[in-house]
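Asker: coords please:
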Amino acid sequence: MIFVEKLNKQFGSKIIFRDVSFHLRPKEKVGLVGENGTGKTTLFKVIIGRESLDSGQVTLRKGLRYGLLEQDQEGGGESALERVVLGDPHFLQVKTELEKLEADQKFEDRYGELQHEFERLGGYDRDARAKIILQGLGFKPGQWDKPLDQLSGGWRMRVELSRILLQRPDVLLLDEPSNHLDLQSVVWLESFLQSYEGSVLLISHDRKFLNTLTTRIFELDRSTLTIYSGNYDDYERLKEDKQAQLESQAANQNRRIAEVERFIERFRAKNTKATQVQSRIKMLDKMERVQTGDSSKAIHFRFPQPVRTGKNVLELENVTKSYGALKVYDNFSVTLERGCKVALAGENGAGKSTLLKMLAGVLLPDSGEVKQGVKVSRSYFAQHQGETLNFKHTVLESLQESAPGLLRTQQRNILGAFLFSGDDVEKKVSVLSGGEKSRLALARMLCGNAASDTNAPPSCILLDEPTNHLDMRSREHLAAVLSDYEGSLVIISHDRFFLDGFVNCVWEVADGHAQEYKGNYSEYERAKLKEEPIEQEGKVSERSVASSIEKDRKRQEAEERNQRYKQLKPLEKRLAEVESRLEILMAENEQLQSELAESNIYEADQKDRLMETMEQQRNVKDEEQGLMEEWDELSLSIEQIQNT
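Answerer: Now for the predicted structure:
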């Protein structure tokens, strides 16, 4: 299908490709991987002839039809459906000419040829197939009539992907196709591409997506392309084995070099050994050193952790939310508890983003209440958070703005954990890539809360697609940081492998409700499979045994819950009393502070009032301090019982 031979390309002093060669075979699906900036998108442009080469050759099979999905898409006045159906120039030309000749009998032969080509291209059912693809990628019926210039960049990307999939070209060149999709759409796209008859060359940082689809991996690393058989997991294993072999070869070579150098130094001054010495010097000069590659080990650094919060971190109580005539939530309630790391799942349009924004406080419900727990501070990461940074700052200055209380060494370590090392910290934010801006925004969120007086890290973070524009290594680092994070979080992400690294709960949002599933995303998927009715015959006895086991397990769990309940009830009752009293004391303290802020209280005739107010404030603070200590002890006791 595509032959690439000895490609060489350089931008200024930076070498992009050095002798890059590969063959994309018919019907195979290949993942193109590598860190951001290694030249993956440039390789796509070279293949289709949009980017020139210094040397080398790209050969496409004669008559090859390809479809290229790029990251940036422009809008227009045409509707989404029109763009998908008529976005193939060849089909549009056939359709236009066919309509012109329809009433002219003089061109009967040409009309017949065009009609045959129109049928071959699926012209009569093209609208129906376009709608199926658009729905699979998240469009609701009716949404596809919207003009492109009224759609966001992410939705225009879905339209462009739909257009390319409808054409069914011989080769699909897909640059991060899952980047702007929700989980349901990613699963649909996986299924579509698995049965796709053509070849696929795919740039992706979604490990599970690559594992499901690919049979070979092309890795671009330091201008060189290396080919591995298998999916992404196979590639990682083979690369690790190869690295171990190279390190062994390098160690043997270094020992040999050391021996030769010792010989040269020992006999350099002896005339009788001059020939042997010169021979060994030439041998060292000609020796090709074994390159082991740079090891990208994770930086082991513990981020500043948030303060301990109350049991209930955030609560939505009897919330209603509508957009015009569309009612998303009606009398809806949900509670986020301390230590919960929740992934939101559900179809596009189910209300995940609305729920996340209400929890974050950036979107108010029409009615109902959003309650924030004791000691809870929130921080919200939107999809385009990186674009809100101060572009005039350096990377280091940007982090200092968010966490001024940290030492310079700590700030550099944090940036190192987000892959900003050495001189990278002195780069201006304005020159950073989209992925680098996202990493910096995430680092700012996790190490400090500039909106608070204490600059302490937020105790609850809410994340909307934080992995967009992040490469595989960056995602792994972020998952490790979120796993180490001791606060609570709610996240929307289309990367299932990433979610498995830290979430312990999934809320499935559908029809204005949220169903809770304990465990990571893979466990949620397994639970959903079990919910599907089993239609196979002959499984009754197996189901009966399983049902009996499940009943015993539930009975045992119920007994354990009852025991815990007896222990927890008095503690939780006292905790509620303490929290209620603390709220009263905090209100009293604010009132006393307001009185002390009045200038007339310091006048001579108000001395008694001043002394009385100050005494009241001391008493309030003393009681508040005692209750806070009791609150900490009660919370710790309750948590210990709950975890047994």
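Asker: Quick one: the helices in the stretch 301-450 of the chain, in order.
Answerer: Applying DSSP state H, counting those that start in this stretch to the stretch 301-450 of the chain gives helices spanning 352-360, 395-402, 408-417, 434-447.
Asker: same thing with the stretch 451-600 of the chain?
Answerer: In order along the chain, the stretch 451-600 of the chain carries the following helices (DSSP H, counting those that start in this stretch): 472-484, 496-500, 521-531, 540-596.
Asker: Most tightly packed of those?
Answerer: helix 496-500 (a mean of 22; mean count of other C-beta atoms under 10 Å). Where C-beta positions appear, they are placed from N, C-alpha and C, glycine not excepted.
Asker: any weak-confidence spans in the stretch 501-644 of the chain?
Answerer: By pLDDT under 70, the low-scoring segments of the stretch 501-644 of the chain are 532-558, 560-561, 632, 639, 642-644.
Asker: 50 instead?
Answerer: Along the stretch 501-644 of the chain, segments meeting pLDDT under 50 span 534-550, 553.
Asker: returning to that earlier point: of the helices of the stretch 301-450 of the chain, which is nearest Arg475?
Answerer: Taking C-beta to C-beta, helix 434-447 is the member of the helices of the stretch 301-450 of the chain nearest to Arg475, at 10.0 Å.
Asker: Packing partners of that closest one?
Answerer: Judged by 3 or more C-beta pairs under 8 Å, 6 or more residues apart in numbering; DSSP states H and E, helix 434-447 is in contact with strand 378-381, helix 395-402, helix 408-417, helix 472-484.
Asker: name the helices or strands packed onto the first one?
Answerer: If I follow you right, that is strand 378-381. Using 3+ C-beta pairs under 8 Å, 6+ apart, strand 378-381 sits against helix 352-360, helix 434-447, strand 460-464.
Asker: Tell me which stretches of the stretch 101-250 of the chain form strands.
Answerer: Ranges of strands in the stretch 101-250 of the chain, per DSSP state E, counting those that start in this stretch, are 171-175, 199-203, 216-221, 224-229.
Asker: closest to Gln245 out of these?
Answerer: Nearest of these (C-beta to C-beta): strand 224-229, 13.4 Å.
Asker: which of the helices of the stretch 301-450 of the chain sits most buried?
Answerer: Of all these, helix 434-447 carries the top mean neighbour count, a mean of 24, counting by mean count of other C-beta under 10 Å.
Asker: Any idea how many residues pack against Ala250?
Answerer: Counted by other C-beta atoms under 10 Å, the residues lying close to Ala250 total 14.
Asker: Oh, that last question was meant for Arg266, not what I typed.
Answerer: Residue neighbour count, defined by other C-beta under 10 Å, stands at 11 for Arg266.
Asker: what's the helix or strand for it?
Answerer: helix 232-267 (DSSP states H and E).
Asker: and that helix, which residues are buried?
Answerer: Neighbour-count burial for helix 232-267, with 16 or more other C-beta atoms under 10 Å as criterion, is recorded at 232, 234-236, 239, 260, 264.
Asker: so which of these comes closest to Thr467?
Answerer: Tyr232 (15.4 Å).
Asker: With Asn211 as the reference, measure out to that closest one.
Answerer: Per C-beta to C-beta, to the nearest Å, Tyr232 is found 5 Å from Asn211.
Asker: Show the contacting residues for the most centrally placed residue in the chain.
Answerer: Closest to where the C-alpha atoms of the chain average out (C-alpha atoms, centre = their mean) is Thr467, at 2.3 Å. For Thr467, the contacting residues are 205, 474-475, 478, 493-495, 498, by C-beta atoms under 8 Å, 6 or more residues apart in numbering.
Asker: likewise Ser79?
Answerer: For Ser79, the contact set (C-beta under 8 Å, 6+ apart) comprises 144-148.
Asker: do Gln249 as well
Answerer: Counted by C-beta under 8 Å, 6+ apart, Gln249 has contacts Val290.
Asker: same thing with the one 4 residues further on?
Answerer: Counting by C-beta under 8 Å, 6+ apart, Gln253 makes contact with 287, 289-290.
Asker: 6 Å - rerun?
Answerer: By C-beta atoms under 6 Å, 6 or more residues apart in numbering, the residues touching Gln253 are Val290.
Asker: can you tell me how far it sits from Leu98?
Answerer: Taking C-beta to C-beta as the measure, Gln253 falls 68 Å from Leu98.
Asker: Also Ala350?
Answerer: Distance of Ala350 to Leu98, given as C-beta to C-beta: 42 Å.
Asker: Neighbour count: the two, which is higher?
Answerer: Ranked by neighbour count (other C-beta under 10 Å), Ala350 and Leu98 place Ala350 first, with 21 against 17.
Asker: Can you check what pLDDT the model gives that one?
Answerer: At Ala350, the predicted lDDT confidence score is 86.
Asker: OK, contacts around it?
Answerer: 509-510.
Asker: Can you give me the distance of it to Ala514?
Answerer: Distance from Ala350 to Ala514, by C-beta to C-beta: 10 Å.
Asker: circling back: between the helices and strands packed on strand 378-381, which has the poorest average model confidence?
Answerer: helix 434-447 (a mean of 83).
Asker: Now stretch 155-162: average pLDDT?
Answerer: In this model, stretch 155-162 carries a mean pLDDT of 87.
Asker: ok, residues contacting it?
Answerer: Contacts to stretch 155-162, defined as C-beta under 6 Å, 6+ apart, come from residues 69, 73, 80, 83-84, 133-134, 137, 148, 177, 180.
Asker: now it, how far from the centre of its chain.
Answerer: Mean C-alpha position of stretch 155-162 versus that of the full chain (C-alpha atoms, centre = their mean, to the nearest Å) differs by 19 Å.
Asker: For whatever helix or strand comes next after the helix holding Arg266, enumerate the helices and strands it packs against.
Answerer: Where DSSP H and E defines the elements, the next helix or strand beyond helix 232-267 is helix 274-286. Secondary-structure packing of helix 274-286 (3 or more C-beta pairs under 6 Å, 6 or more residues apart in numbering; DSSP states H and E): helix 232-267.
Asker: Does Gly512 touch Tyr329 like I think?
Answerer: Yes: counting by C-beta atoms under 6 Å, Tyr329 is a contact partner of Gly512 at 5.1 Å.
Asker: Much appreciated, bye for now.
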